[in-house]
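Student: Turn this into a structure:
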Amino acid sequence: MKLAANSTAPQIGDNISRQTLFWLLITNIAVLSPLFDKTTPWTLGICAICLLWRVGIYVGKVAKPPRFLVTSLAIGSAVTLALVSKEIGLLNALVNLLLLGYALKYIEMRNQRDVRVVVLAGYFIIALTFIDHQSLLNTAHLLVVTLINTCVLVTLYQDKQSLKHTAWIGGKFLLQSVPLALLLFLVLPRLAPLWLVPNMKEAQTGLSDSLAIGDIGKLTRSTELAFRASFTNAKPINAELYWRALVMENYDGVTWRQDVGIKQLQKDALLFPPSRPSPALMVNNPNPMSDPMSDPISNSPAPISSEDQETASGVQDKPSLRYQVIAEPSHQPWLFGLDVAYSQDDSVVNMPDYRLLALRNVDQRMSYQVESWPKAKMDLKLSARQRQINLELPSQSNPRTLALAEQFKTQYPAPKPRLWAMMGHFNSEPFFYTLTPPPLGPQQVDDFLFENKAGFCVHYAAAFIFMARATGLPARMVTGYQGGEFNPQAGYYSVYQYMAHAWAEVWLEDEGWVRFDPTAMVAPNRIEQGFDAQFDPEQSYLQESPFSSLRFKSMPWLNELRQRFASIDYYWSVWVLGFNQEKQNQVLSGILGDVTHTKIAVFMGLCISLIVLYIAYSAGLLHFRVQGDPISTHYQQLCNRLAHLGIKRKDSDGPNQFAQQIIEQYQHSAPKLCTLFQTLTQSYVALKYQYLPAKDYQAHLTAFNAAAKQLNWLLLRAKVKDKFNLA
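Tutor: Model (predicted):
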């Protein structure tokens, strides 16, 4: 019976093999696994149902779902995602929609064309995943997922091969694509990444633009990496590592916030980026910036070690510090830099309050170059509005602190002695630095200064700023990070969330904004030597992170291993994720000399031609002419390889005699060698000296090639491992 022309019966080659179905089961889990954190619970539930349904189809327990059911689910999913897109973010909604489409298409597959659609959708999901998962470990994970997805395509054309052989062919395809990928990575222009892609709505990490007393205390329990920085011309000591992130000037008695004017500038920065002159124009060498470690009134303990003094003097001799920062995703726009930081990167804005700001939220690792000028002065002139904002205090707030500030003002009329007297107050009174201070009442500063006398950086900075403002000195809160863990393997600093810190800045005539850190008066080890010198990691940032690699810091050899692995990831970020236009030009200049469009076009054409020739040769589409008989040539090459291993053929021996000699000598020590060479010899003799029908000739040729290939591998392993003593 003939089928009608419009029949929907499957045609030859349309049936999906069981091996393809098996690989599809693995692929479905692998493709979805990197995006589990982006899926809503009900999206995950539908994907799980689709997977279970497909398992049922695979084992023959259920039938394929009708098309109207799949269509109805797709329409319902799209409508639901449209309703919740504002809550989860537009890009997250699109990701969920793609995952649902992938899962629904997965269960309604009917022919090989549908399989190809699923595989292509899988490749697209993998590429989309890389937007938000760019670490070296995640990249390795995605490569494995890509390999599994490729194996599905392999089974469409080689459905009777073993799983191992299918994986080998898939891996071979990926390796063949590497040269083209490297070429495109090297020569394609470095475009601004994803500027027009909508932001994902992710949980923000790190510092916030508002600060209550306990906020930084929460960060000190986090082991998450905030950023890494590598210096090119100096290595600052820990006490100099004040990483500026946010400046807060408004205080209502409970919470510190950014000024509304600065927040508006941040909002408009993408269209109207504010300008700030380079600190190089402001550098001069009068009085150095205030340092609580060196003032005699501070009564600060232990001086810096001689080794650190040498490093510090080397830094101070430099007019500027140049370094690269690699910020981890925080889903917030603020960046980090030492005072006074300036960046010429197109994606970074130099804010008027001497901060660095990204034009877009940092939703993926971001690399930028910074130059800091430690001796530059900030705002030698203060506008009337700035002065007013930084002198404001909440009404009827903290009367005891106001009285204490008045005493300081009466006793020390000059601003600098007064400020140092306030700093010395924290050192002379029994204040205690702790991450778990007692709760404060409505009059927070009074309770802290006169009752509890226990707190961490925000407590001390807030009290100091309150007293400074009460005496008529403009002051503000600065938050960021202090310190860093130096990695000697790769020469960079790692700054973690638990290093979050807050300090004060006071405006002084002819000096501008000057940093004062009261924490140094109470816990100098926290500033000079780092967080671990003041607090027990087990009672702070490791308390809620039982599996953090930072637990290895106390074990030297494990800590060195941890830093080596971290160095590998750092180099990945620098040379791959941070491969910007400047680095691209450097590499191309090393290859081509003067980089021109003509040279790049010729270089690309030559490389692509070589790649195409290699792929054509590997696929059997291109053959090179071999001088003489190819069968005799292959046989002689094998005899030569055997001779190198000590099995020599006499000129008077024919093929059968040589094979018999090998069998007699090595039938016990190398039986596989004997079997393969006997098969090879039989096919060789038949091909060379017998008249064979076409079918028999092809069979012997196939056997000869297969035996020759296996013998080549066997002899290669024998040479490398010295498995057989053939000499």
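
Student: All the helices of the stretch 251-400 of the chain, in order from the start?
Tutor: Counting by DSSP state H, counting those that start in this stretch, the segments of the stretch 251-400 of the chain that form helices are 260-267, 306-317, 384-389, 399-411.

Student: Over to the stretch 1-150 of the chain?
Tutor: Taking DSSP H, counting those that start in this stretch, the helices of the stretch 1-150 of the chain run over residues 18-32, 41-59, 67-88, 90-107, 112-129, 136-157.

Student: okay, these in TSV with mean neighbour count, mean pLDDT and distance to Pro236 next?
Tutor: The way it works is simple: take the backbone N, C-alpha and C, and place the C-beta from them, glycine included. Formatted as TSV, the helices of the stretch 1-150 of the chain follow (neighbours: other CB atoms under 10 Å; pLDDT from 0 to 100; distance: least, CB to CB, whole Å):
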stretch	mean neighbour count	mean pLDDT	distance to Pro236
helix 18-32	19	85	45
helix 41-59	16	81	46
helix 67-88	14	76	42
helix 90-107	21	80	38
helix 112-129	17	87	37
helix 136-157	18	88	27
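
Student: on that earlier part again, hey, least reliable of the helices of the stretch 251-400 of the chain by pLDDT?
Tutor: If you rank the helices of the stretch 251-400 of the chain by mean pLDDT, helix 306-317 sits at the bottom with a mean of 40.

Student: Nearest to the spatial middle of this structure, which residue is it?
Tutor: Nearest residue to the geometric centre of the chain (CA atoms, centre = their mean): Ser135, 3.0 Å.

Student: Can you check which of the helices of the stretch 1-150 of the chain gets nearest to Pro437?
Tutor: helix 67-88 (35.9 Å; CB to CB).

Student: Can you report how many residues neighbour the closest residue to the residue nearest to the centre of the chain other than its chain neighbours?
Tutor: Once flanking residues are discounted, Ser135 sits nearest to Asp569: 6.1 Å by CB to CB, 6 or more residues apart in numbering. Asp569 is flanked by 17 other residues according to other CB atoms under 10 Å.

Student: And the pLDDT at Asp569?
Tutor: pLDDT at Asp569 comes out at 86.

Student: how close does it get to Lys583?
Tutor: 18 Å (CB to CB, to the nearest Å).

Student: so where's the stretch 451-600 of the chain uncertain?
Tutor: By pLDDT under 70, the stretch 451-600 of the chain has no low-scoring segment.

Student: now the strands for it?
Tutor: Ranges of strands in the stretch 451-600 of the chain, per DSSP state E, counting those that start in this stretch, are 454-455, 475-482, 485-487, 492-496, 500-508, 512-516.

Student: so which of those gets nearest Asp594?
Tutor: Judged by CB to CB, the one of the strands of the stretch 451-600 of the chain that comes nearest to Asp594 is strand 492-496, at 32.7 Å.

Student: in its sheet, what does that closest one sit against?
Tutor: Counting by DSSP bridges, the strands paired with strand 492-496 are strand 225-231 (antiparallel), strand 485-487 (antiparallel).

Student: most packed of these?
Tutor: Mean neighbour count (mean count of other CB atoms under 10 Å) peaks for strand 225-231 among the strands paired with strand 492-496, with a mean of 21.

Student: Distance from stretch 557-575 to the middle of the chain?
Tutor: Here the centre of stretch 557-575 is set off from its chain's centre by 12 Å, with CA atoms, centre = their mean, to the nearest Å.

Student: same question, stretch 660-677
Tutor: The answer for stretch 660-677 is 54 Å, by CA atoms, centre = their mean.

Student: mind exporting it as PDB, just the C-alpha atoms?
Tutor: What follows is stretch 660-677, C-alpha atoms only, in PDB (Å, rounded to 0.1, in the frame of the first residue of the first chain):
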ATOM      1  CA  GLN A 660      55.200 -16.300  11.800                       C
ATOM      2  CA  GLN A 661      58.500 -15.100  13.300                       C
ATOM      3  CA  ILE A 662      56.500 -12.600  15.500                       C
ATOM      4  CA  ILE A 663      54.000 -15.200  16.600                       C
ATOM      5  CA  GLU A 664      56.800 -17.700  17.600                       C
ATOM      6  CA  GLN A 665      58.700 -15.000  19.600                       C
ATOM      7  CA  TYR A 666      55.900 -13.000  21.200                       C
ATOM      8  CA  GLN A 667      52.800 -15.200  21.400                       C
ATOM      9  CA  HIS A 668      53.200 -15.300  25.300                       C
ATOM     10  CA  SER A 669      54.500 -11.900  26.100                       C
ATOM     11  CA  ALA A 670      52.500  -9.900  23.500                       C
ATOM     12  CA  PRO A 671      49.500 -11.900  22.300                       C
ATOM     13  CA  LYS A 672      47.500  -8.900  21.100                       C
ATOM     14  CA  LEU A 673      50.500  -7.800  18.900                       C
ATOM     15  CA  CYS A 674      50.600 -11.300  17.400                       C
ATOM     16  CA  THR A 675      46.900 -11.400  16.600                       C
ATOM     17  CA  LEU A 676      46.700  -7.900  15.100                       C
ATOM     18  CA  PHE A 677      49.800  -8.500  12.900                       C
END
